[in-house]
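Peer 1: Sequence and predicted structure are below.
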Amino acid sequence: MPIRIVRLGTPRARDEGTRIGTVRRPPRGVPKEQFAAQDWYDVWYPNLSPSPETVKRAQAAQTPKEWAAFTQQFRQEMATPENRHTIALLAALSQHNNFSVGCYCEDEARCHRSVLRALLSEAGARIAD
C-alpha cells in the first residue's frame, strides 16, 4: 500500500485513501466543507510545505542551480526534529495504509512534493510510481 504523491484537485486514484495536503494555504474560493469532496485534501498538514520565503525561492528559480538552492533550503527545513519524525511516521504508515500527499503545482519536478518524494523514499517509505 504505497504512498501516492499527487497533485491536489485532481481526481483520486482507486484505493488512494486519505489525501494529505502539504500546502501552506487552503485552496482559494473553496468552502472548507468541500475540500475533500472536490478532491483537494482530507487533512491539511502545512508542516510539510516550504516556508513562505522558500516558496518564493522556488517560484523564482529559473536555472537548475537556483532549483538546487531551493531543494537544499527545503531539505534544511525538513531536517528539524518535528519534520523528521513526521517523515518517519509517514514512511512507517506507508507499509500498511493507503494515503497520499500532495500540492497544487502542475509539474511535480518543479514542486516541493518532488523533494517530499525523495525524503520519504530515503526514510524507507513505499511510494507508488
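Peer 2: Alright, I've got the coordinates.

Peer 1: If I look at residue 44, what pLDDT would I see?
Peer 2: With respect to pLDDT, residue 44 has a value of 97.

Peer 1: got it, and residue 1?
Peer 2: The predicted local confidence for residue 1 is 73.

Peer 1: wouldn't residue 18 be in contact with residue 99 here?
Peer 2: Yes: with contact defined as Cβ atoms under 8 Å, residue 18 reaches residue 99; the gap is 4.4 Å. The C-beta positions use only the backbone N, C-alpha and C, and glycine is treated the same way.

Peer 1: Of the two, which one has the most company?
Peer 2: residue 99 (18 against 14; other Cβ atoms under 10 Å).

Peer 1: For the more buried one, which residues are in contact?
Peer 2: 3, 4, 16, 17, 18, 19, 20, 90, 93 (Cβ atoms under 8 Å, 6 or more residues apart in numbering).

Peer 1: Tell me the one of the residues you listed nearest residue 126?
Peer 2: The closest of the contacts of residue 99 to residue 126 turns out to be residue 3 (Cβ to Cβ; 6.7 Å).

Peer 1: How much space separates residue 98 from residue 69?
Peer 2: For residue 98, the distance to residue 69 equals 35 Å [Cβ to Cβ, to the nearest Å].

Peer 1: Kindly apply the preceding question to residue 109 instead.
Peer 2: Residue 109 is 16 Å from residue 69, where distance means Cβ to Cβ.

Peer 1: neighbour-wise, which of the two wins?
Peer 2: The neighbour comparison of residue 109 against residue 69 (other Cβ under 10 Å) goes to residue 69, with 15 against 8.

Peer 1: My read is that the more buried one contacts residue 57, right?
Peer 2: Yes: in this structure residue 69 lies within contact range of residue 57 using Cβ under 8 Å: 6.6 Å.
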